[in-house]
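S.K.: prediction below, plus the sequence it came from.
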Amino acid sequence: MKISRVLLPVLVIAALFVIVSCAPAPAPTSAPAAAPTQPPAAAAQKTYKDMTLCYPQLGAESDWRTANTASFKETAQTLGIKQLVFSDAQQKQENQISAVRACIQQKVDVIALPPVVEDGWDAVLTEAKNAKIPVIIVDRSVSAPKTLYASHIGSDMVLEGERAAAEFNKMMPNGGAVLELSGTTGSGAAVGRAKGFRNKLNPNIKILDSQTGNFTRAEAVPVMQAFLKKYKAGTDFQGIFIHNDDMGIGAIEALKAAGVKPGDLKIVSVDGTRGGFQAMVDGWFQADVECNPLLGPQVFEMALKLMNGQTIDPEVLTNETVYYPDKAKELLPTRKY
Ligand code: AHR
């Protein structure tokens, strides 16, 4: 059979087409499908059950302090935290520093530190920072750099002193002289209150003398007795600014023994404890500037945030007021401390 020159290329192409279409399919070369991607596991949030919080309390010097300790112990129990590491430094900074170091060794989650005095914390706060344990300064302030601690929760002590001065300005418009029975020397509470008092006291009111009673009833008694030997009540001085209610109660003991009667002197104290309210009911205190010790709930809440890496406020100041004798009787039964 003769195939024409025109048909030959057509037949070749057709044959090739048949060969290619009958060839076996090539083996698949693509990689096996990847496993479906999972979202990364969210970091587990810590709860109060995971929390070990260290509270190296500064002492048991006053009713305020007793209420502050109770607030921490009760809140720890209510929230069901893993452990509250509590100690009492008996108003000695070296005891507080040792307690903080023991908590660092124990690798607690958070340290809440109520510093007895302002200065001298840099070294131990640096140790806590190096150990990555956040510190919340509670109640009184420290002079250490703010980079060494996470936050401060407490009262505005300067404002408290200013509020006390405002009371004397109202009660002694024609001026006069006052004594000051001050708190623990070098403590944020005493330094702040003394500063605020001097900031706002009218220039016609003179501070005749100022001595520390270390925030305790027992130490306030001899200080007041010594004042009364040196100065005549009502003549040399007309008022007393007392940095806390416990010292106020000690001072009243000395005043009574010296024959001073309620109302003979203008007395302004700080705290707003039941004892302070009773002193207003009895006519001894003309005003009591509030300082709230019930800080446990706020501190534990912030500690949990720190454990979970959440942002917190670097300074949380308690909202406080001034109490007066006119409401003291009515409010006394409602006081929690
Ligand atoms: O730091 C708070 C002060 O300390 C309170 O006013 C006082 O009562 C306590 O001892």
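M.R.: Received it, and whenever you're ready, just let me know what you need.
S.K.: run through the strands of the chain in chain order.
M.R.: 52-57, 83-88, 110-113, 135-138, 151-154, 176-182, 205-212, 239-242, 266-271, 287-290, 315-317, 322-323 (DSSP state E).
S.K.: and the fifth one, is it in reach of the ligand?
M.R.: The reference is to strand 151-154. No: counting by CB under 6 Å from any ligand atom, no contacts exist between strand 151-154 and the ligand, the nearest distance being 7.5 Å. Backbone N, C-alpha and C define where each C-beta goes, glycine included.
S.K.: quick check: mean pLDDT of that strand?
M.R.: Mean per-residue pLDDT for strand 151-154: 98.
S.K.: can you list contacts of that strand?
M.R.: 136-142, 188, 295, 298-299, 302, 312-318 (CB atoms under 8 Å, 6 or more residues apart in numbering).
S.K.: need the strands of the chain in CSV (columns: distance to Ala165 and mean neighbour count).
M.R.: Shown next, in CSV, are the strands of the chain (distance: least, CB to CB, whole Å; neighbours: other CB atoms under 10 Å):
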stretch, distance to Ala165, mean neighbour count
strand 52-57, 30, 24
strand 83-88, 33, 16
strand 110-113, 29, 26
strand 135-138, 26, 25
strand 151-154, 20, 22
strand 176-182, 10, 23
strand 205-212, 8, 17
strand 239-242, 8, 26
strand 266-271, 9, 28
strand 287-290, 10, 24
strand 315-317, 19, 13
strand 322-323, 12, 18
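S.K.: ok, which of the contacts of strand 151-154 also contact the ligand?
M.R.: Within those, those near the ligand by CB under 6 Å from any ligand atom are Asp139, Arg140.
S.K.: follow-up on the earlier one: just send the strands of the chain back as a markdown table, with distance to Phe72 too.
M.R.: Shown next, in a markdown table, are the strands of the chain (distance: least, CB to CB, whole Å):
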| stretch | distance to Phe72 |
| --- | --- |
| strand 52-57 | 5 |
| strand 83-88 | 7 |
| strand 110-113 | 8 |
| strand 135-138 | 9 |
| strand 151-154 | 12 |
| strand 176-182 | 26 |
| strand 205-212 | 26 |
| strand 239-242 | 26 |
| strand 266-271 | 18 |
| strand 287-290 | 19 |
| strand 315-317 | 16 |
| strand 322-323 | 24 |
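S.K.: quick one: low-confidence parts of the protein?
M.R.: Applying pLDDT under 70 to the chain flags residues 1-42.
S.K.: how about the residues of it near the ligand?
M.R.: Counting by CB under 6 Å from any ligand atom, the chain sits next to the ligand at 61-62, 64-65, 139-140, 189, 215, 244, 246, 270-271, 291.
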